[in-house]
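In: Let's see this in three dimensions:
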Amino acid sequence: QVQLVESGGGLVQAGGSLRLSCAASGRTSSTNTMGWFRQAPGKEREFVAAIRWSGGITNYADSVKGRFTISRDNAKNMYLQMHSLKPEDTAVYYCAASPYLYRNDRGAYPYWGQGTQVTVSS
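Out: Down below sits the predicted model:
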């Protein structure tokens, strides 16, 4: 099993920045990719960004390219730096881990954190 704990959410004005963190523990050696997903009220959970543990290759949803940056460190922590936030970025953000490479679909991620709320006011 892999345990994931997110932190760093909060309330910010449009145009502001936030940094989310995800601490991974347990059988992290069984995972190859870490990702961030988000779910707004009444909407499906959607892919935001992903990063491979090895090599640090990243992938982003078009809606966040150029504004969000995903990163990881050697201590199995993952981060999402968010700039130029918009009201439409308001959602619960989830950290997820996958044994697969190059997958952005929810079904490829068996491990999930509890989520952290991000609210962007206009």
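
In: which element is the residue most central in space within the chain on?
Out: Residue closest to the average C-alpha location in the chain (C-alpha atoms, centre = their mean): Trp36, at 2.0 Å. Remark: Trp36 resides in strand 33-39, with elements defined by DSSP states H and E.

In: That strand packs against which elements?
Out: Under the contact definition 3 or more C-beta pairs under 8 Å, 6 or more residues apart in numbering; DSSP states H and E, strand 33-39 sits against strand 18-26, strand 46-52, strand 77-82, strand 91-98. The C-beta positions use only the backbone N, C-alpha and C, and glycine is treated the same way.

In: Pick the most buried one from those strands.
Out: Highest mean neighbour count of those: strand 91-98, a mean of 24 (counted as mean count of other C-beta atoms under 10 Å).

In: Run the angle between that strand and strand 77-82 for me.
Out: For strand 91-98 against strand 77-82, the angle by axes from the mean of the first three to the mean of the last three C-alpha atoms, to 10 degrees is 140 degrees.

In: Report the separation between Asn59 and Gly15.
Out: Distance of Asn59 to Gly15, computed by C-beta to C-beta, to the nearest Å: 25 Å.

In: more crowded one of these two?
Out: The residue with more neighbours, out of Asn59 and Gly15, is Asn59; 17 against 11, by other C-beta atoms under 10 Å.

In: Leaving aside the residues adjacent along the chain, what's closest to that one?
Out: Ala50 (4.9 Å; C-beta to C-beta, 6 or more residues apart in numbering).
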